[in-house]
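A.B. asks: Can you look at this prediction? I've put the sequence above it.
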Amino acid sequence: MQRPWLSLPCVQQPDYQSSESLQRASNFLSEAPGLITYQEIQSLKSHLASSAEGSSFILQIGDCAEAFSDCTHNLLTSKISQYTAYANHLQQCLNKPIVLIGRIAGQFCKPRSEPYETINGRQVLSYKGDMVNSISLDNREPDPERLIKSYFLSATVHNFIRANEPSMFTSHEALHMIYENSMTKYHDGKFMNFGAHFVWLGERTRKLGQAHAEYLSHIDNPVGIKVGPNADLNELIEIINKVNIQNQLGKVALIIRLGIKNYKSQLGMIIDKVKESGKKVVWMIDPLHGNTYKSSTGFKTRDFTTVVEETLGCIEIIRKNNEIVAGLHLEVSFRDVTEVVGLGVCDEDLGNCYETLCDPRLNPKQTIALLSEVAVALK
Ligand code: PEP
Ligand code: MN
């Protein structure tokens with residue numbers, strides 16, 4: 001079967017030094033068995049459709065970037081039980097089933113705005129996730145062996161989830177094209193990504209005529225599309241159309257991440273445009289990615305009050321437009337981190353327990369508080 005996404009321009013890909021070892025990794029992964037099943041993919045699509053109709057609610061949560069070193073028994077046990085506790089809390093408040101999707105078991109690759117970053121006065125290649133390079137400043141060179149390690153750890157985590165919390169689905173950004181392409185198998189007349197149940201198109205790769213959008217349009221998995229303030233709405237509608245040519249409810253989730261400055265002026269227009277197109281989408285809110293800034297103490301952070309305000313504001317706008325808020329997309333840590341300002345964390349505290357490999361995550365207290373606010377708003 002032709003794979004048309006492979007011949008298109010592909011942004012945000014690592015620059016590997018050794019094409020031979022890259023080819024070896026790619027060959028290995030192409031033959032490697034899938035990690036999820038066709039039935040699970042279909043089941044998630046019907047769950048998403050039910051959330052879009054208001055019968056359930058989607059909670060998509062996890063790290064901005066998973067670390068290889070986090071794939072230990074104790075860590076995964078804590079992480080998964082915490083995510084389940086969040087889902088249970090929300091289920092009790094909302095009195096409806098929660099569709100729990102982790103940013104987990106493969107969220108190892110990150111898009112970066114700049115190829116280099118300066119840390120402690122030293123300019124190094126940007127960290128692009130454990131799938132690509134190491135966070136260590138001395139080892140930023142992309143290494144193809146990390147693709148293979150990502151696959152095995154993703155398999156380990158999938159296996160662990162199945163034993164511990166089999167109703168949780170997995171997701172990550174479809175970013176590293178060699179990896180995603182290798183996990184994509186032709187099954188029953190369709191392409192499917194067998195590396196995760198749900199994959200999403202990020203803000204930096206959402207471009208018609210390029211590899212990522214094209215790729216998403218060929219797989220049968222349910223997919224997310226991040227929608228940020230610079231989205232071209234005509235292009236967005238064309239992408240939705242291409243990805244969901246059959247206009248199936250539950251196939252495409254729009255993950256709104258406009259930011260506090262933009263949501264009031266833009267969300268209504270986005271909803272109008274989607275309605276005008278007649279396309280069925282699942283409305284989700286990501287109140288974190290549009291609100292990242294640098295603290296006075298030099299940390300990449302987000303402000304909890306702002307996050308709550310954008311969440312509640314988006315809920316109000318979606319409902320005023322007679323659409324249903326189907327779910328939330330959040331970056332959280334199960335540990336008591338100090339990465340997001342608010343609820344007891346001030347600028348000066350950020351350095352106390354700042355552990356994220358990439359974006360700042362809500363800690364458990366902040367997560368529960370946000371979920372409670374959402375529950376009240378949705379009642
Ligand atoms: C992310 O979800 O970690 C991310 C990079 O999001 P976005 O593409 O919306 O910036
Ligand atoms: Mn992030």
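C.D. replies: Received the coordinates, thanks. Ligands and ions are numbered 1, 2, ... in the order given.
A.B. asks: would you say residue 101 is within a strand?
C.D. replies: Yes - remark: residue 101 belongs to a strand, assigned using DSSP: H, G, I helix; E, B strand; the rest coil.
A.B. asks: Now do the residue lying closest to residue 8 once chain neighbours are set aside against residue 107, distance only.
C.D. replies: Closest residue to residue 8 apart from its sequence neighbours, by CB to CB, 6 or more residues apart in numbering: residue 211 at 4.4 Å. No exception for glycine: its C-beta is placed from N, CA and C like everyone else's. From residue 211 across to residue 107, the span is 20 Å (CB to CB, to the nearest Å).
A.B. asks: Hmm, residue 56 and residue 47 touching each other?
C.D. replies: Yes - look at residue 47 against residue 56 with CB atoms under 8 Å: they come within range, at 6.4 Å.
A.B. asks: okay, and the common contacts of those two?
C.D. replies: Jointly contacting residue 47 and residue 56 under the rule CB atoms under 8 Å, 6 or more residues apart in numbering are residue 99.
A.B. asks: Between those two, tell me which one has more neighbours.
C.D. replies: Per other CB atoms under 10 Å, whichever of residue 47 and residue 56 has more neighbours is residue 47, with 23 against 19.
A.B. asks: Nearest residue to the more buried one in space, ignoring adjacent ones along the chain?
C.D. replies: residue 99 (4.5 Å).
A.B. asks: what's the neighbour count on the one you found?
C.D. replies: 23.
A.B. asks: likewise residue 186?
C.D. replies: 11.
A.B. asks: show me what contacts it?
C.D. replies: 1, 192.
A.B. asks: what about it, is that helix, strand or coil?
C.D. replies: strand.
A.B. asks: For it, name its beta-bridge partners.
C.D. replies: For residue 186, the beta-bridge partners are residue 191 (DSSP bridges).
A.B. asks: Residues of the stretch 1-150 of the chain that sit close to ligand 1?
C.D. replies: For the stretch 1-150 of the chain, the residues in contact with ligand 1 (CB under 6 Å from any ligand atom) are 64, 111.
A.B. asks: how near is the residue in the stretch 1-150 of the chain that ligand 1 sits nearest to to residue 251?
C.D. replies: Residue nearest to ligand 1 within the stretch 1-150 of the chain (CB to the nearest ligand atom): residue 64, separated by 4.7 Å. Separation of residue 64 from residue 251 (CB to CB): 25 Å.
A.B. asks: quick revisit: so for residue 211 and residue 107, which residue has more residues nearby?
C.D. replies: residue 107 (27 against 23).
A.B. asks: Now for that one: which residues touch it?
C.D. replies: Neighbouring residues of residue 107 by CB under 8 Å, 6+ apart: 62, 63, 64, 65, 66, 129, 171, 172, 173.
A.B. asks: Which of the residues you listed ranks first by neighbour count?
C.D. replies: Most neighbours among the contacts of residue 107, by other CB under 10 Å: residue 172, with 30 neighbours.
A.B. asks: Number of residues surrounding the closest residue to the residue of the stretch 1-150 of the chain closest to ligand 1 other than its chain neighbours?
C.D. replies: Nearest non-adjacent residue to residue 64, counting by CB to CB, 6+ apart: residue 359, 3.7 Å away. By the criterion of other CB under 10 Å, residue 359 has 18 neighbours.
A.B. asks: Equivalent analysis for residue 114, please.
C.D. replies: 8.
A.B. asks: I'd like the distance between residue 264 and residue 313.
C.D. replies: Distance from residue 264 to residue 313, by CB to CB: 7 Å.
A.B. asks: now residue 247
C.D. replies: From residue 247 over to residue 313 (counting by CB to CB), the distance is 29 Å.
A.B. asks: Who has more neighbours out of these two?
C.D. replies: Using other CB under 10 Å, the more surrounded residue of residue 247 and residue 313 is residue 313, with 18 against 14.
A.B. asks: can you tell me the helix or strand for the more buried one?
C.D. replies: Using DSSP states H and E, residue 313 sits in helix 304-320.
A.B. asks: Surely residue 98 is in contact with residue 87?
C.D. replies: Yes - here residue 98 reaches residue 87: they are 4.2 Å apart, a contact under CB under 8 Å.
A.B. asks: Find residues that contact each of those two.
C.D. replies: By CB under 8 Å, 6+ apart, the residues touching both residue 98 and residue 87 are residue 59.
A.B. asks: Who are the contact partners of the nearest residue to residue 10 once chain neighbours are set aside?
C.D. replies: Distances taken as CB to CB, 6+ apart place residue 211 nearest to residue 10, at 3.7 Å, with adjacent residues excluded. Residues near residue 211 by CB under 8 Å, 6+ apart: 5, 6, 8, 9, 10, 11, 177.
A.B. asks: number of nearby residues for the fifth one?
C.D. replies: Residue 10 sits with 19 neighbouring residues when counted by other CB under 10 Å.
A.B. asks: And the pLDDT for it?
C.D. replies: At residue 10, the pLDDT value in this model is 98.
A.B. asks: The one 3 residues further on now?
C.D. replies: In the prediction, the pLDDT value recorded for residue 13 is 98.
A.B. asks: helix/strand/coil for it?
C.D. replies: Assigned with three-state DSSP, residue 13 falls in the coil class.
A.B. asks: Output the lowest mean pLDDT helix or strand found in the protein.
C.D. replies: Within the chain, no helix or strand scores below strand 116-119, which has a mean of 94 by mean pLDDT, DSSP states H and E.
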